[in-house]
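# no letters, just coordinates:
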C-alpha cells in the first residue's frame, strides 16, 4: 500500500508475533464528506480493517447511518452492523467507523491481547 500511496503516514508493526501495521490517508473524500482520514490496518500483511474518521460533525454520522441502514446491535461499546463477512462498527465517542473482516478480526484481537499481556499497551495510534 505504501508504494501506491507514498504520502500516506504509517505506524509500524508492533513486532514479535504481532505484525500489525496502520497506514493512513488524510484529506480524503468519502460519501461526500471531507476531509476524512482513511486508515488501513494490516495483520501479517493482510488487510483486516478499514477505518473512516470524517470529523466530529453529526452530519458525518448521519451520512454513514443513511448508507448502512439500521444497525444490528447497539451497546455501550458502540453501534454495529453485522454482515456475512464483515462487521461495521461506529465508535459514538470518536465518531469514527470501521469496516472489519469477521474472519481476521478475532486473530488480530488475540495477538493484541498477547502483546499487551507480555509487553504492555501498544503505542499511541492504536
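Yep, that arrived. On a predicted model such as this, the values are computed, not experimentally measured, just so you know.

# distance of the closest residue to residue 35 other than its chain neighbours relative to residue 53?
Of all residues not flanking residue 35 in the chain, residue 27 sits nearest, at 4.7 Å (C-beta to C-beta, 6 or more residues apart in numbering). Heads up, the C-betas are built off the backbone N, CA and C, glycines and all. According to C-beta to C-beta, to the nearest Å, residue 27 and residue 53 sit 12 Å apart.

# any idea of the mean pLDDT for the longest helix anywhere in the chain?
Determined from DSSP state H, the single longest helix within the chain is helix 105-119. Averaged over helix 105-119, pLDDT sits at 82.

# which strands and helices lie in contact with it?
strand 20-30, strand 33-43, strand 46-53 (3 or more C-beta pairs under 8 Å, 6 or more residues apart in numbering; DSSP states H and E).

# okay, residue 8: pLDDT?
Reading off the model, residue 8 has pLDDT 64.

# quick one on the thing from earlier: including mean pLDDT, distance to residue 100 and mean neighbour count, could the helices and strands packed on helix 105-119 go into TSV?
Formatted as TSV, those follow (pLDDT from 0 to 100; distance: least, C-beta to C-beta, whole Å; neighbours: other C-beta atoms under 10 Å):
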stretch	mean pLDDT	distance to residue 100	mean neighbour count
strand 20-30	86	13	16
strand 33-43	88	8	18
strand 46-53	91	4	18
